[in-house]
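Student: Below is the sequence, then the predicted model.
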Amino acid sequence: MKPQRFVPLLLLELICVSVSPARSQSPLEPPADAQPTAAPVHQAPTSPASAQMLPLIVPKGLPLLIAVQTEVRLHESGQPVHGRTVRPVYAFDHIVIPVGTEVLGRISAIEDLSKKQRTLSALDADFTPSHKFQVDFDELVLADGRRLPIHTVVTRDSGQVLEFVQPKSGNKNAPKSAAAQKVDEAKEEAKRTWDEAMRQIHEPGRMHRLEHYLVAQLPVHPQYLDAGTVYSAELQEPLDFGSEPITPAIAAALSAPPPPESLIHALLVTPLSSATSQQGDSVEAVLSQPLFDREKLILPAGTKLVGSVVQAQPAHKPHRNGKLRVTFHRLVAPDGLEQRVNASLLGVGADKAEHIELDSEGGAQATSPNSRYLTTGIALTLAAISTQTDTDSPGGGAEGNASTRAAGGAAGFKLVGIIVGTFVHSQPLGMAMGALGASRSIYGNFISRGHEVTFPKNTPMAVSISPQPKGRATQE
């Protein structure tokens, strides 16, 4: 080989050797002796850089719980509505929409009433019956002043703090179990969060509520959207709050089982009803907030909870209420890994008017209010009074007196019945209205079909979970 050719080849070889060590130190390629690490949450990254970041996204379908901040007197559609969030929203392990975040909306529609509805309301002396109306929320105002457009479907919420039910114990002096203590802690935490949120709402005081109640009893009265009214606004599009680095602690969180008797907060994905659900139907819920063991992340928000209906008994006559029982047995992490768990329902969000109770094993049953005995007794008493005759009146009391006729009218048609009974001199009419009111009360409270147990989509639940001895299953 000629010397002229040898020198360039030697220089080229030296350059390649000098470049090779620098390439092996590239941050995008691990060293040859590196140990394998846990897979990131998203298994199909589009580039090496994207595999190191975790997107913080609030998924479509998650509800924002919003309380109306100021009272609105309804006039027309388009009126502005101001609200505040009363429940934090998480993305993975971060609070991205804290309690008290301002939400802007409007009255989007006010429905007209049918002639039948107006006539029935007039018979009850209500000449300005309440209209159904729709509220829409379409913008978040974040703490830093940013405005984030949102698209939601809004429904009325129960507006109640979770009603936690503890297992009943025969010995009141016996020490509480770990599960019972966690229930107490969760109950207090839920109440603190709720009170903190509602302090930012201009809720009316007792006198203002009494004034509204008295005004609403008048034959002609205005209609209000009260401050403190709670709505559930279900997101129709996901919200992007950036991303965070995937740390070893986050990766490890996807493989650690939850501690025994952990209490998690979830939202129901599958609507349930004792009238339509069947034993064996699949049930799914999703964690609304992450589970931490002290400062260690155990389960991120968005983890799925999978179970089934184990009892569904519809309501029937005479006034037998429905029953519903569900159980959860699998946790599915955002990366698709799952584990078997033992779970029981400890609390459920329900309106007091629904009269839902939970037993010590998490079964739900509708109950009938004790006030039904009082209302039925009043109706029967008024009906009995309407049968009394006035022996001092001409004709042997065929017309009765005004008080007995008014009593019968009150039992049947409230204020209008009282007026008719007082001024229409016919005791048979008063007796007929009294009998109608009594029969309606008896049928509605004791003979008609009972109440169903209904858990709509996004019903909040508190669930106690413990890992099964077999441990974590493999990825599906």
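Tutor: Noted; the coordinates are in hand. Numbers count the residues shown, from 1 in each chain.
Student: At which residues are the helices of the protein located?
Tutor: 3-24, 115-123, 178-198, 206-216, 248-253, 371-386, 402-423, 427-442 (DSSP state H).
Student: and these, which one is worst for confidence?
Tutor: Among these, helix 3-24 carries the lowest mean pLDDT, at a mean of 39.
Student: Could you find the closest non-adjacent residue to Pro129?
Tutor: The shortest distance from Pro129 to any non-neighbouring residue, by Cβ to Cβ, 6 or more residues apart in numbering, is to Ser121 (3.8 Å). To be clear about C-beta, it is placed using only N, CA and C from the backbone, and glycine gets the same treatment.
Student: and the one you found, what is it in contact with?
Tutor: Ser121 is in contact with 113, 127, 129, counting by Cβ atoms under 8 Å, 6 or more residues apart in numbering.
Student: Arrange those in JSON lines, one row each, with distance to Thr454, neighbour count and pLDDT as further columns.
Tutor: Below are these laid out as JSON lines (distance: Cβ to Cβ, whole Å; neighbours: other Cβ atoms under 10 Å; pLDDT from 0 to 100):
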{"residue": "Leu113", "distance to Thr454": "26", "neighbour count": "15", "pLDDT": "86"}
{"residue": "Phe127", "distance to Thr454": "33", "neighbour count": "12", "pLDDT": "83"}
{"residue": "Pro129", "distance to Thr454": "25", "neighbour count": "14", "pLDDT": "85"}
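Student: Which one of those residues is nearest to Ala186?
Tutor: Distance to Ala186 across the contacts of Ser121 (Cβ to Cβ) is lowest for Pro129, with 40.9 Å.
Student: which residues does Gln134 contact?
Tutor: 107-110, 154.
Student: Look up phi and psi at Ala333.
Tutor: Note on Ala333: backbone dihedrals following degrees, to the nearest 10 are phi -70, psi 160.
Student: In this structure it contacts Pro300, no?
Tutor: Yes. With contacts counted by Cβ atoms under 8 Å, Ala333 reaches Pro300, the gap being 7.4 Å.
Student: quick one, which of those two is more surrounded?
Tutor: Per other Cβ atoms under 10 Å, whichever of Ala333 and Pro300 has more neighbours is Pro300, with 23 against 20.
Student: Not counting its neighbours along the chain, what's nearest that one?
Tutor: Nearest residue to Pro300 in three dimensions, chain neighbours excluded: Phe92, at 4.6 Å (Cβ to Cβ, 6+ apart).
Student: I'd like to know how far the one you found sits from Thr70.
Tutor: According to Cβ to Cβ, to the nearest Å, Phe92 and Thr70 sit 34 Å apart.
Student: Same question for Ala379.
Tutor: Taken as Cβ to Cβ, the spacing of Ala379 relative to Thr70 amounts to 40 Å.
Student: which of these two has more neighbours?
Tutor: Comparing Ala379 with Thr70 by other Cβ under 10 Å, the one with more neighbours is Ala379, at 24 against 14.
Student: and the more buried one, how far is that from Thr128?
Tutor: To Thr128, Ala379 is 26 Å away according to Cβ to Cβ.
Student: Give the buried residues for stretch 92-110.
Tutor: The neighbour-count check on stretch 92-110 (16 or more other Cβ atoms under 10 Å) flags 92-93, 96-97, 99-108, 110 as buried.
Student: meant to ask about stretch 366-374
Tutor: Neighbour-count burial for stretch 366-374 flags Ala366 (criterion: 16+ other Cβ under 10 Å).
Student: outside of that stretch, which residues touch it?
Tutor: Contacts with stretch 366-374, where a contact means Cβ under 8 Å, 6+ apart, come from 274, 315, 319, 321-323, 354-357, 445-446, 450-453.
Student: on that earlier part again, can you tell me which of the contacts of Gln134 lies nearest to Gly280?
Tutor: Ranked by distance to Gly280 (Cβ to Cβ), the contacts of Gln134 are led by Val154 at 33.2 Å.
Student: Quick check: beta-bridge partners of that closest one?
Tutor: Beta-bridge pairing of Val154 under DSSP bridges involves Ala233.
Student: now do Leu65
Tutor: Going by DSSP bridges, Leu65 is paired in beta bridges with Ser232.
Student: so what's it scoring on pLDDT?
Tutor: Leu65 is assigned 92 on the pLDDT scale.
Student: OK, contacts around it?
Tutor: By Cβ under 8 Å, 6+ apart, Leu65 lies in contact with 85-87, 157, 230-233.
Student: Return the item of these having minimum pLDDT.
Tutor: Across those, the member with the lowest pLDDT is Asp157, scoring 78.
Student: wait, what's in contact with it?
Tutor: Contact analysis of Asp157 by Cβ under 8 Å, 6+ apart lists 65, 230-232.
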